[in-house]
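*Asks:* Kindly generate the corresponding structure for this input.
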Amino acid sequence: MSDQTFSSVWDAIEATPAEAENMKLRSALMMALERHIRAQAWTQAEAARRLGVTQPRVSDLLRGKIELFSLDMLVSLVGAAGLHVELRVLNAA
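*Replies:* Alright, predicted model coming up:
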């Protein structure tokens with residue numbers, strides 16, 4: 001067993017730094033969508049209507065099924081929810 005430390009769980013479990021970055025972005029977008037849906041007190045059916053997806057798709061989102069959502073899809077859902085995404089690119093540590 002290694003004494004290696006990581007700044008993110010994604011850094012620890014993904015095969016490459018690129019995959020870890022993708023998962024970090026996807027998880028951040030999923031959490032933002034979940035917070036927004038809950039803050040608006042939308043039912044899953046209402047969220048589905050507003051986001052233009054099915055209720056089971058909203059259920060997948062709220063249950064954190066990250067493997068079912070691409071980065072592109074999550075950006076689209078954020079826009080449909082009336083939110084805005086900002087991106088910063090920094091040098092890797």
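
*Asks:* Please state the offset of the longest helix along the chain from the chain centre?
*Replies:* The single longest helix within the chain, with elements called by DSSP state H, is helix 17-39. Distance of helix 17-39 from its chain centroid, counting by C-alpha atoms, centre = their mean, to the nearest Å, is 2 Å.

*Asks:* got it, and stretch 40-57?
*Replies:* On C-alpha atoms, centre = their mean, the centre of stretch 40-57 falls 16 Å from that of its chain.

*Asks:* Quote the end-to-end distance of it.
*Replies:* End-to-end span of stretch 40-57 (C-alpha to C-alpha, to the nearest Å): 18 Å.

*Asks:* model confidence over that stretch, on average?
*Replies:* The pLDDT scores in stretch 40-57 average 98.

*Asks:* Identify the residues contacting it?
*Replies:* I37, V58, S59, L62, L77, A80, A81 (C-beta atoms under 8 Å, 6 or more residues apart in numbering). (Each C-beta comes from the backbone N, C-alpha and C, glycine too.)

*Asks:* Give me the neighbour count for the third one.
*Replies:* So the one you mean is S59. By other C-beta atoms under 10 Å, 13 other residues sit near S59.

*Asks:* Let me know the secondary structure of it.
*Replies:* Per DSSP: H, G, I helix; E, B strand; the rest coil, the local secondary structure of S59 is helix.

*Asks:* How about the contacts made by it?
*Replies:* By C-beta under 8 Å, 6+ apart, the neighbours of S59 are Q44.

*Asks:* in this structure, what spans have low per-residue confidence?
*Replies:* 1-2, 6, 9-15, 93 (pLDDT under 70).

*Asks:* if you set the cut-off to 90 instead, what comes out?
*Replies:* Filtered on pLDDT under 90, the chain yields the residue ranges 1-21, 24, 87-93.

*Asks:* Alpha carbons only: can I get stretch 16-29 in CSV?
*Replies:* Extracted in CSV, the C-alpha atoms of stretch 16-29 (Å, rounded to 0.1, in the frame of the first residue of the first chain):
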residue,chain,number,x,y,z
THR,A,16,-4.9,10.0,-16.3
PRO,A,17,-4.8,13.6,-15.2
ALA,A,18,-7.1,14.4,-18.2
GLU,A,19,-9.7,12.0,-17.0
ALA,A,20,-9.5,13.3,-13.5
GLU,A,21,-10.0,16.9,-14.7
ASN,A,22,-13.1,15.8,-16.7
MET,A,23,-14.6,14.1,-13.7
LYS,A,24,-13.9,17.1,-11.5
LEU,A,25,-15.8,19.3,-13.9
ARG,A,26,-18.7,16.9,-14.3
SER,A,27,-19.1,16.4,-10.6
ALA,A,28,-19.0,20.2,-9.9
LEU,A,29,-21.8,20.7,-12.6
